[in-house]
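**Student:** Turn this into a structure:
(chains A and B)
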2 protein chains.
Amino acid sequence: MYATTSLTQFLDLLASSAPEPGGGAAAALVGATGAALVGMVANLTVGKEKFAAVAAEMEEARAQAESLRQKLMAAIDQDSVAFRQVMAAYRLPRETDEQKAARKQAIQAALREATQVPAGVVRLCEEVAVWSRVAADKGNPQVISDAAVAALLADAAAQSAALNVRINLVSLSSPRSADPLWVEIQRRLDGIRAVRDDVLRTAYEKIG
Amino acid sequence: MYATTSLTQFLDLLASSAPEPGGGAAAALVGATGAALVGMVANLTVGKEKFAAVAAEMEEARAQAESLRQKLMAAIDQDSVAFRQVMAAYRLPRETDEQKAARKQAIQAALREATQVPAGVVRLCEEVAVWSRVAADKGNPQVISDAAVAALLADAAAQSAALNVRINLVSLSSPRSADPLWVEIQRRLDGIRAVRDDVLRTAYEKIG
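**Tutor:** Next up, the predicted model:
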């Protein structure tokens, strides 16, 4: 859906008062941009004599980056659809007790989906971060800054998606700090942040 | 130029082995996405009775976000053009002494421009961060997560652009840590990081 809109059109929609796309969709786009940069580093490494020793690993990086990018692009639409379903559920009639019960159930189901989509984006961004480290460590050093940008974008996208997990968890119930999904998300964010810092350090060392 | 390409086309080009667009262009796009989200918060605040007290400030935020987005979109193309000019300068003939001198001068001029474009992106992202704080503090709290995503994206985009400043500074000369442009960039990155952390804290407090 959004994959075929132009950069300008997408940002116009994002900036507008339309309820979606919003920050969740932006997070998915930024994660996909990070995945594309891992792919760029792999594409500028594979097939070069000088980097023959890492060719197999960089071909794997390229394939993984491609697959992660497709999934993150799909998440842009999924996030918008999930958001629209939450809005639609809130708009259901609530005159009779039966309607009230049906509405409540629809809202809960829609919020669960709206929580799962950004949670999936966090998980995909963790993989982007892992492959950005491979790209930074073993890819063509001429494009080391692109590997580091991939790590920065994976981290920012994951943190952005996490905010959307949280906001929907809070609407679903009153999540305690021990909520299992939130514990999982925090653990992944910590891991991504560590990779980001590590890749940035490597990049600045190589750049000089 | 790139403003009219689709999201998929742009990421295909980014992931390809074509030398541009690269991480510098991606940084500008992510900064523009942050600016669009500031605009979204402003658009969902202005005109609502409940937020009448902050209407003037949010109208200013909307206008600034729009202007910053246009400038950051323009930087996507400027970064790609600057990169192509560096490549072209390196490809100039270097057989005679005159050619060698002319080539050296062209490379220096192109690298200076390739340093200035991402330095400009850092400055624009600092403004996006400043307005994301206004959006988080005074905007419609229902879209507080979008204000926080704007802060996260401004920070990641600025850090990404800074890598591109550094890589071109290093090619230009051997920058000491006291290089005035690099000192300026580091100062701005510190400021943006502080705003990001502050906005995130505000967002999680409001979300609960």
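
**Student:** for the record, mean pLDDT for whichever helix in chain A runs longest?
**Tutor:** Counting residues, the longest helix found in chain A (DSSP state H) is helix A:97-138. Mean pLDDT, helix A:97-138: 96.

**Student:** now stretch A:6-14
**Tutor:** Averaged across stretch A:6-14, the pLDDT comes to 98.

**Student:** same deal with stretch A:184-197?
**Tutor:** 98.

**Student:** Ok, stretch A:29-45 next?
**Tutor:** What stretch A:29-45 shows for mean pLDDT is 98.

**Student:** There's contact between A:Arg62 and A:Gly47 in this structure, I believe.
**Tutor:** No: using CB atoms under 8 Å, A:Arg62 makes no contact with A:Gly47, being 10.5 Å away. For every residue, glycine as well, the C-beta is placed using N, CA and C.

**Student:** Who has more neighbours out of the two?
**Tutor:** A:Arg62 (21 against 12; other CB atoms under 10 Å in any protein chain shown).

**Student:** right, is the host helix or strand of that one up against chain B?
**Tutor:** Following DSSP states H and E, one finds A:Arg62 within helix A:55-90. Yes: contact of helix A:55-90 with chain B (CB under 8 Å from any CB of the partner chain) involves A:65-66, A:69, A:73, A:76.

**Student:** mind listing what A:Glu66 touches?
**Tutor:** Residues near A:Glu66 by CB atoms under 8 Å, 6 or more residues apart in numbering or on different chains: A:35, A:39, B:15.

**Student:** ok, A:Ala88 - how many residues close by?
**Tutor:** With other CB under 10 Å as criterion, A:Ala88 counts 12.

**Student:** wait, it sits on A:Ala110?
**Tutor:** Yes: if you go by CB under 8 Å, A:Ala88 and A:Ala110 touch, sitting 7.4 Å apart.

**Student:** Could you export stretch A:127-143 as PDB, CA atoms only?
**Tutor:** C-alpha atoms of stretch A:127-143 as PDB (Å, rounded to 0.1, in the frame of the first residue of the first chain):
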ATOM      1  CA  GLU A 127      18.200  -8.700  13.400                       C
ATOM      2  CA  VAL A 128      19.000  -5.600  11.300                       C
ATOM      3  CA  ALA A 129      21.400  -4.500  14.100                       C
ATOM      4  CA  VAL A 130      23.000  -8.000  14.300                       C
ATOM      5  CA  TRP A 131      23.700  -7.900  10.500                       C
ATOM      6  CA  SER A 132      24.900  -4.300  10.700                       C
ATOM      7  CA  ARG A 133      27.600  -5.500  13.000                       C
ATOM      8  CA  VAL A 134      28.600  -8.200  10.500                       C
ATOM      9  CA  ALA A 135      28.700  -5.500   7.800                       C
ATOM     10  CA  ALA A 136      30.800  -3.200  10.000                       C
ATOM     11  CA  ASP A 137      33.200  -5.900  11.000                       C
ATOM     12  CA  LYS A 138      33.700  -7.800   7.700                       C
ATOM     13  CA  GLY A 139      32.200  -5.600   5.000                       C
ATOM     14  CA  ASN A 140      34.100  -3.300   2.600                       C
ATOM     15  CA  PRO A 141      35.600  -0.700   4.900                       C
ATOM     16  CA  GLN A 142      35.100   2.100   2.300                       C
ATOM     17  CA  VAL A 143      31.400   1.900   3.300                       C
END
